[in-house]
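[1] Would you be able to build a 3D model of this:
(one chain, ligands or ions: 2)
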Amino acid sequence: MHPDLDDLLGSAHVVTLPLSTRFRGIDVREAMLLRGPYGWTEFSPFIEYDDAESASWLAAAIDFGWSPPPAALRDSIPANATLPAVGPDEVTGVLDRFPGCRTVKVKVAERGQALADDVARVAAAREYIGAEGRIRVDANGGWGVDEAETALRALAAFDLEYAEQPCASVAELAALRSRIRDLGVPIAADESVRKATDPLAVARAGAADLLVVKAQPLGGIAAALRIVAEAGLPVVVSSALDTSVGLSMGAHLAAAVADLPFDCGLGTAALLAADVTDRPLVPVEGAVPVRRIEVSDELLARYAAPNERRGWWLERLRRCHAVLART
Ligand SMILES: O=C(O)CCC(=O)c1ccccc1C(=O)O
Ligand SMILES: [Mg+2]
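    Ligands and ions are numbered 1, 2, ... in the order given. Model prediction:
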């Protein structure tokens, strides 16, 4: 069943949630929650995304609210802790929010910071998680090939599980990958999957060892599963600083992926200072449960976006719905 615009507008709520730690240069997260026949769903492309890109996020919201999720192969998903580009003295405070998580994803290559900042943050994360823990880094495409090689040679001393999107383009990823083969640090593609017109191009080019897959940008669980099936590479399921509702979409995707060799980036409700449910999807003993989310009317009211922002999101919803109607 496919909802028309009025069905979507009729159930739409817009919230502004405070973050506990600044992330991606923002300290509040705006999101739209929608209620379909299968339960609550989320539409939350970042503010700066254009309508063409955001339309995939709407397709995902509709998929999760208006059709049944695929069969779940597991009922909880091991999750990684996500460490924003904080100073080394803040590392313990952030990681304590992810009880039982044995893997830390450390943000690196933050604008305005230096390699020494990344080394200090990764060192603090390794200290926290111990020798048995796993550490991956995510540069969000922030390094050039030379810079990435230098940084990864320095950071490899802390034993990296993989490096996520060290450079921006597929060509750079491929060049870096052949240059650092001796290091044994696999390369994961994130933006090269979720922001690309062809999400499989990076796999075909042999530019990555694994793919990060996210339900919202890839157009929903079913679409993401098709990409996983065609990629022929291991995948890690992640999210986009979603509310617990968007994270539950990611958890349902992860539950349906046959082979899940990595802890998933689904623990980020722990970075929100408020959520839309009384039972947030935060990691418990290092894993998030696969379940739908009951949204609280009281929390929707308490964190309701200002009228001007609500109007902006409703207009965005209309425009993205029109984009989908054309495709
Ligand atoms: O994968 C994770 O640990 C959490 C999700 C995450 O890092 C993220 C959250 C919002 C926007 C971009 C990203 C990213 O993976 O680059
Ligand atoms: Mg990433």
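[2] When you work out contacts or count neighbours from here on, use the C-alpha atoms and nothing else.
    Fine.
[3] Tell me how far stretch 295-302 lies from the chain's centre.
    The gap between the average C-alpha position of stretch 295-302 and the chain average comes to 24 Å, counting by CA atoms, centre = their mean, to the nearest Å.
[4] nope, stretch 199-210 is what I meant
    Offset of stretch 199-210 from its chain centre (CA atoms, centre = their mean): 19 Å.
[5] Also stretch 76-94?
    Taking CA atoms, centre = their mean, one finds stretch 76-94 lying 14 Å from the centre of the chain it belongs to.
[6] Quick check: buried residues in it?
    76-86, 88, 91, 94 (16 or more other CA atoms under 10 Å).
[7] And the furthest pair within these?
    Every pair in the buried residues of stretch 76-94 was compared (CA to CA); the two farthest apart turn out to be 76 and 88, at 30.7 Å.
[8] mean confidence for stretch 273-286?
    The predicted model assigns stretch 273-286 a mean pLDDT of 97.
[9] what comes into contact with it?
    By CA atoms under 8 Å, 6 or more residues apart in numbering, the residues outside stretch 273-286 that reach it are 17-20, 78-80, 98-102, 243-245, 247-248, 267-270, 288-289, 293-296, 299-300.
[10] Give me the buried subset of those residues.
    17-19, 78-80, 98, 100-102, 243-245, 247-248, 267-270, 288-289, 293, 295, 300.
[11] Identify the residue spatially nearest to the residue minimising distance to the centre of the chain, adjacent ones excluded.
    The chain has residue 239 as the residue nearest its centroid, 2.2 Å off, counting by CA atoms, centre = their mean. Nearest non-adjacent residue to residue 239, counting by CA to CA, 6 or more residues apart in numbering: residue 214, 5.4 Å away.
[12] does the one you found really touch residue 241, like I thought?
    No: Residue 214 is beyond contact range of residue 241, at 11.0 Å (criterion: CA atoms under 8 Å).
[13] list the contacts for the residue nearest to residue 239?
    By CA under 8 Å, 6+ apart, the contact set of residue 214 is 194, 224, 237-240, 250.
[14] what would those look like in TSV with secondary structure?
    Converted to TSV, the contacts of residue 214 look like this (DSSP: H, G, I helix; E, B strand; the rest coil):
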residue	secondary structure
194	helix
224	helix
237	strand
238	strand
239	coil
240	coil
250	helix
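[15] Please produce a markdown table containing those residues, extended by distance to ligand 1 and pLDDT.
    What follows is the contacts of residue 214, written out as a markdown table (distance: CA to the nearest ligand atom, whole Å; pLDDT from 0 to 100):
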| residue | distance to ligand 1 | pLDDT |
| --- | --- | --- |
| 194 | 10 | 93 |
| 224 | 16 | 98 |
| 237 | 8 | 98 |
| 238 | 5 | 98 |
| 239 | 5 | 98 |
| 240 | 4 | 97 |
| 250 | 11 | 98 |
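[16] Please identify the residues of the stretch 151-300 of the chain in proximity to ligand 1?
    Proximity of the stretch 151-300 of the chain to ligand 1 (CA under 6 Å from any ligand atom) is limited to residues 238-241, 265, 268.
[17] Identify the bridge partners of the residue nearest to residue 239.
    On the basis of DSSP bridges, residue 214 takes part in beta bridges with residue 238.
[18] how close does it get to residue 306?
    Look at residue 214 and residue 306: by CA to CA, to the nearest Å, they are 28 Å apart.
[19] Got phi/psi on residue 94?
    Note on residue 94: its backbone torsions stand at phi -70, psi -50 [degrees, to the nearest 10].
[20] Who are the contact partners of it?
    Contact criterion CA under 8 Å, 6+ apart gives 21, 83, 271 as the residues in contact with residue 94.
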